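A.B. asks: let me see the structure of the following:
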Amino acid sequence: MKQENILTIIFVDISKSTALYETYGDVEAEKTVNHTLSIVSDLLSKYEGKLIKTIGDGLMGTFPNAEIAIYAACEMQEMIRQDPFLLQKNIAIKIGLHFGEVLWKDNDIFGDAVNTAARMVDIAKADQIITTRSVVEKLPSILASNTRTLGPLHVKGKQDNMEIFEMIWQGKQADLTIMASNIFAAAPELAIVKLTLNYQDKQFQITEKSRSFSLGRNSGNDLVIKSAAVSRSHASIECRQGKFVLSDSSTNGTHVKMESGEKFYVHREDIHLHGQGIICLGKDIEKNSDFLIRFECK
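C.D. replies: Residues are numbered from 1 along each chain as shown. Here you go, the predicted structure:
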């Protein structure tokens, strides 16, 4: 028996999940994936959503309306970024949403709206919620004001370009404190507002209003480190949507050690900084004690 309905479809994927298996091995990676999807599934239920199926390291679900779906998506992002176990592994998710007519068959959904929602999660990057005009038009003005257009984009399977939107769920722009109903509370404002760096006898502070902070061997950098292992323009730190992100652009890479003891090697990619830890440019932390940068997020 086939049944048609109009719903908001959500796809959630774990960002860079393949690297999890390479870094931690199958057992620990599977544990991490299951923990992440468990958080997302619980929130799906909390917001009256329906889990349709898991798809590899992600899932697909539906919500009765767009407003509830947005609240759920925002809290999913918040909860993943606040979970202590997932913080240690720098886990992030990406979310795609679309509103439209679906076709039900054998407890699964099909149709153009489902395909479009899947395209949105493909477009999304880590920590992003990407959606379409069909969702934004269904939102109350105070929620719609927390979206920003990414312009018309070509979406695979569509003849004409579609206008794509990002839901801003972090920082002051996403102060979603309105009450959707007596059971729906918006995502809390991000607690991290300042990053402090301590290097030798120097201290630097970076906030969400600061420009990009540069690190490297050249004298023009904000933090100059005179080490042969450090590139002229080695790395930068900036606040993106309330999160502090270190971007490496060096030859030798950057080593990061979190307060949990977890170690990361970052080479021409990004990493989120949280809590306390140590940064070392160009060399392993244990072999370069004279050039350690200690950081603390508050």
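A.B. asks: in this protein, which residue is closest to the centre?
C.D. replies: The chain has D127 as the residue nearest its centroid, 1.5 Å off, counting by Cα atoms, centre = their mean.
A.B. asks: what about M60, how many residues nearby?
C.D. replies: Residues lying near M60 (other Cβ atoms under 10 Å) number 22. Yep, even glycine has a C-beta here, placed from its N, CA and C like the rest.
A.B. asks: buried ones in stretch 13-21?
C.D. replies: In terms of neighbour count (16 or more other Cβ atoms under 10 Å), stretch 13-21 has its buried residues at 13-17, 20-21.
A.B. asks: start to end distance for it?
C.D. replies: The first and last residues of stretch 13-21 sit 15 Å apart, counting by Cα to Cα, to the nearest Å.
A.B. asks: ok now that stretch, how far from the chain's centre?
C.D. replies: Mean-position distance between stretch 13-21 and its chain equals 12 Å (Cα atoms, centre = their mean, to the nearest Å).
A.B. asks: which is the next helix or strand following the host helix or strand of G100?
C.D. replies: For G100, the element it lies in under DSSP states H and E is strand 93-105. Sequence order places strand 108-110 as the next helix or strand after strand 93-105, per DSSP H and E.
A.B. asks: work out the gap between that following strand and the centre of the chain.
C.D. replies: Distance of strand 108-110 from the chain centroid (Cα atoms, centre = their mean) equals 27 Å.
A.B. asks: repeat that for stretch 27-44.
C.D. replies: Put simply, stretch 27-44 sits 15 Å off its chain's centre (Cα atoms, centre = their mean).
A.B. asks: quick one: W169 from V121, how far?
C.D. replies: 15 Å (Cβ to Cβ, to the nearest Å).
A.B. asks: pLDDT (mean, whole number) over the strand or helix carrying L44?
C.D. replies: According to DSSP H and E, L44 maps onto helix 17-46. Mean pLDDT, computed over helix 17-46, is 90.
A.B. asks: counting by contacts, list what it packs against.
C.D. replies: Contacting helix 17-46 under the criterion 3 or more Cβ pairs under 8 Å, 6 or more residues apart in numbering; DSSP states H and E are the following elements: strand 3-14, strand 50-55, strand 58-63, helix 66-82, helix 84-88.
A.B. asks: buried sites along that helix?
C.D. replies: Neighbour-count burial for helix 17-46 [16+ other Cβ under 10 Å]: 17, 20-21, 29, 32-33, 36-37, 39-41, 43-44.
A.B. asks: how about stretch 251-260?
C.D. replies: Buried residues in stretch 251-260, defined by neighbour count with 16+ other Cβ under 10 Å: 252-258.
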